[in-house]
Structure formats: structure tokens, C-alpha cells
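J.: got a predicted structure here, sequence first:
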Amino acid sequence: MRDTQASDPAAEPPDEETPTLRPGKATPFETLGAFALLAAYTAICLRLFPKTPSQGYVVYEAAFALIAYRIGRIAALWAVGLSATAVAYFLLRGEGLAVSEPTEALGLLAFIAAGLCIVLTVSTLRTRMAIADRRLASLDAQNDNLAALLKEISHRIGNDLGALVSVAELQAVQAEHEESRRALSSLADRIHVFGSVYRRLRATSGHSGKLEMGAFLAGLCDELRAAHLGLRAVSLETAIAPHRLTTDQAVLVGLVLNEAVTNAVKYAFPEDRAGSIRVAFGKDADGWLALTVSDDGDGPREGVPEGGGLGQRVMRGMASQLGGSFALRRKDGLTLACLRFPDRGPEARRRHV
């Protein structure tokens, strides 16, 4: 299980790569530094603008924005007040804090108003950024928790599927009637197929809800080679075009692929006959997605009605769930198991609008 402390945003240390100008809680040294900066600005204005001190106002406004962003609204408001007092006392003409020139008095009022507007605007943005950061941290924590939960659930489902296969195989061995043994063996095979698809799905799925079929189907074919072909003189070739499908669609396509390849291995090459199986996936001339499993082995047995076998019924049912069709036919010495279904991706939906 994941360490619960790692998923608690309040318990995590601050990111060392976070820039120093990010809004946060100011230290006493930062606060003292801010007011020392204002004092330095006052001295600079006295030196550079002895006769026209209003030209130095823009320097103060920049300081207000920096203090409001880094330290907070209260400190920035204090900075505006103290700066206005320093300007009136040191830079403007008059006795003490009394400004004698009306134009300079109006300029001072404008300076204060602009400073307040800057402080309120920047502090509001700072607050919103802090809220957004907290929400992002909360979402990251929730995502980590969900990922851990999904991993645990996936692990348990895999174990349960393995247990079901073992139970079905054991019951098949202990069954008294041949028909019962065949049914239980077929059930065990199909649960094993589903487990293979599920394992491959976990290995190639991401967080986007979409699955890259190239890696998914290629991985399934690798598992089928290892499980069914071994030292047999039967090759399994692939020609898979890259395409992304939803997880639900990918599961159905993977199950059809497993069923079709397994049937070809079982029935098309009796007595260790050599041959080849080819898996192709991509778009056909009509823009539909097509999965074709072809083999050069023996064709369907005579006398068996089309679509009458359990495997074909299963594959037709999956094709129906995809909104498509499944067909098994013989052509040019090859047996073709063809699954066709419409592409329901964003581009396909736009074309149908």
C-alpha cells in the first residue's frame, strides 16, 4: 500500500525548485528587507529627483507590487502609507507633512490611489493563485490515491481471474461427463483469454482514458506466441496501424483477437502442420476500423453452419457491442476472420456532424 503521508499535501515538504518569488508566508527578514527597500527608494529619489520628486513615484509602485505579491496585502498597505509619509516629509515642499504646492499634493494623492489599486489588484491575484495551488495540490493527492486504489483493485482482479481459471480447470478434470469437461475447459480457456487481455491492458494503459492499439495488440500477439506456438512451425505476423481507442473498445478488440488466433492455432494446423497466421489492424476503404486475422491452414469444417460455433457467436456478440460486424470466410486459400466497426474518435464524430 502507498504511504498515506506521501499523499497528504499538508505533510509534503515545499518543492525545492519553486521560484523564490512565489507568493507565500513572509519571513521577518523579508518584511524588514521590504521596508529597507522603501527607505533606499526614498534616498534614491532624493538623489536623482531633488526638484521633481514625482518622477520617482513609479519606483515606489513597482515596490508595492513586489511586496503585495511576495509578502501580502497588509504589508503592502503599510508600505503605501509609510511611502506616502516619507515622500511628503522628505521629497515634497512644505513644513513637516504639510505639502505647500497644490500640484504636488494632487500628485501625492494620485500616488496613494495608484499604490492602493496596485496592492489590491496584486494581492487579489496572489490570493487566487494560492487557492489554485491548494486545489492543484489536492487534485494531485486525489490522483495519487486513485492510482493506488486502481493498482490494488487491478491486482486483486488479476488474482481472482487466475483463481477462476484454476477452479474451472480442476472441475474439468473431475467432471464425469465428456460434455461437462469440454464446457469447463472452454470456460477456463476464455477466462484465461480475458486475463491475458486484462494484463496487457494494465501494462499499456495510461491516464488519458485512451489506449494505443499498436502496443496493446502487439503485446497480445507476443503473449499468444509464447502461450500457443512455442516450437510449432506456425508463425504469427502482425501489421498494426497506430490508433487510439477507448479502454472499452480496446478490451473487445483484444478479446476478438485472442479468440480468432486461438481458433486458428487449434483448428487450422492439425498434426503439427506448418503455416502462418497474420494479424492486421487499421482503417479500411470505408473509414471503418478493421481487425483481420488470416491463416493459410485448413478452412472451416464442412457441414458446420456459418456462425454456428461458440467462438463465432462470442466474436459476433463483441462486434455488436462495438456497433460493427464480424465475418468468417474463405478466400484465395486463406481463412479470414474480419471484425469491422466504426471509428468513434473525435475526428470521426466531426465528420459525421
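T.: That came through fine.

J.: can you give me the buried ones in the strand or helix carrying G195?
T.: According to DSSP states H and E, G195 maps onto helix 178-204. Across helix 178-204, burial judged by 16 or more other CB atoms under 10 Å covers 183-185, 187-201, 204. All C-beta atoms are positioned from the backbone trio N, CA, C, and that covers glycine.

J.: what does stretch 260-267 give?
T.: For stretch 260-267, using 16+ other CB under 10 Å, the buried residues are A260, V261, T262, N263, A264, V265, Y267.

J.: now the residues you listed as a markdown table including distance to L236 and pLDDT?
T.: Output for the buried residues of stretch 260-267, formatted as a markdown table (distance: CB to CB, whole Å; pLDDT from 0 to 100):
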| residue | distance to L236 | pLDDT |
| --- | --- | --- |
| A260 | 12 | 91 |
| V261 | 7 | 90 |
| T262 | 11 | 86 |
| N263 | 13 | 86 |
| A264 | 9 | 88 |
| V265 | 9 | 86 |
| Y267 | 15 | 85 |
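
J.: what is the orientation angle of the helix or strand harbouring K151 with helix 178-204?
T.: Under the criterion of DSSP H and E, K151 resides in helix 102-174. Orientation check (axes from the mean of the first three to the mean of the last three CA atoms, to 10 degrees): helix 102-174 against helix 178-204 gives 160 degrees.

J.: just checking, what packs against helix 102-174?
T.: helix 57-70, helix 73-86, helix 178-204 (3 or more CB pairs under 8 Å, 6 or more residues apart in numbering; DSSP states H and E).

J.: what's the following helix or strand after the longest one?
T.: Looking back up the chat, that one is helix 178-204. strand 210-212.

J.: right, and the helix or strand after that next one?
T.: Using DSSP H and E, the helix or strand that directly follows strand 210-212 along the chain is helix 213-224.

J.: what's the following helix or strand after that next one?
T.: Next element after helix 213-224 (DSSP H and E): strand 234-240.

J.: buried set for that following strand?
T.: V234, L236, I240.

J.: same check, this time on stretch 314-327
T.: V314, M315, R316, M318, A319, L322, G324, F326.

J.: repeat that for stretch 275-291.
T.: G275, S276, I277, R278, V279, A280, F281, W288, L289, A290, L291.

J.: just want the phi and psi numbers for the third one.
T.: Torsion angles at I277 (phi, psi; degrees, to the nearest 10) stand at phi -120, psi 140.

J.: what do you get for the second one?
T.: Here the main-chain torsion angles of S276 (degrees, to the nearest 10) amount to phi -140, psi 150.

J.: OK, contacts around it?
T.: Counting by CB atoms under 8 Å, 6 or more residues apart in numbering, S276 makes contact with V234, S235, L236, E237, D295, D296.

J.: G214 versus the nearest residue to E212 once chain neighbours are set aside, what's the distance?
T.: Leaving out its chain neighbours, the residue that sits closest to E212 by CB to CB, 6 or more residues apart in numbering is R244, at 5.7 Å. R244 sits 9 Å away from G214, going by CB to CB, to the nearest Å.

J.: what's the angle between the helix holding K151 and helix 73-86?
T.: Using the same axes, to 10 degrees, helix 102-174 lies at 170 degrees relative to helix 73-86.

J.: any idea how far helix 102-174 is from the middle of the chain?
T.: Its chain's C-alpha centre and that of helix 102-174 lie 13 Å apart, by CA atoms, centre = their mean, to the nearest Å.

J.: quick one on the thing from earlier: verify the stated contact: the residue nearest to E212 with A215.
T.: No - R244 sits out of contact with A215 when judged by CB atoms under 8 Å, with a separation of 10.7 Å.

J.: which neighbours do those two share?
T.: Joint contacts of R244 and A215 (CB under 8 Å, 6+ apart) do not exist.

J.: tell me, how many neighbours does R329 end up with?
T.: Residues lying near R329 (other CB atoms under 10 Å) number 12.

J.: check the secondary structure at the nearest residue in space to it that is not next to it in sequence for me.
T.: Once flanking residues are discounted, R329 sits nearest to L336: 5.5 Å by CB to CB, 6+ apart. Recorded secondary structure, L336: strand (DSSP: H, G, I helix; E, B strand; the rest coil).

J.: please read off the pLDDT at L336 from the model.
T.: Listed pLDDT for L336 reads 92.

J.: cool, and H192?
T.: 74.

J.: shouldn't it be in contact with V165?
T.: Yes - counting by CB under 8 Å, V165 is a contact partner of H192 at 5.1 Å.

J.: so who does A250 touch?
T.: So A250 contacts L201, L211, M213, F216 (CB under 8 Å, 6+ apart).

J.: low-confidence stretches in this protein?
T.: 1-59, 89-101, 103, 202-209, 301-308, 345-353 (pLDDT under 70).

J.: residue contacts, R232?
T.: So R232 contacts F269, D272 (CB under 8 Å, 6+ apart).

J.: for G275, see how far away it is.
T.: Following CB to CB, the distance that separates R232 from G275 is 9 Å.

J.: need the overlap of contacts for the two.
T.: Contacts common to R232 and G275, judged by CB under 8 Å, 6+ apart, are F269.

J.: domain map for this protein?
T.: Annotated domains of the chain cover 4-142, 210-352 [automatic domain parsing].

J.: now F281: phi and psi?
T.: Torsion angles, degrees, to the nearest 10, at F281: phi -140, psi 130.

J.: thought it was touching L291?
T.: Yes - judged on CB under 8 Å, F281 makes contact with L291 at a distance of 5.0 Å.

J.: quick check: neighbours shared by these two?
T.: Contacts common to F281 and L291, judged by CB under 8 Å, 6+ apart, are V253.
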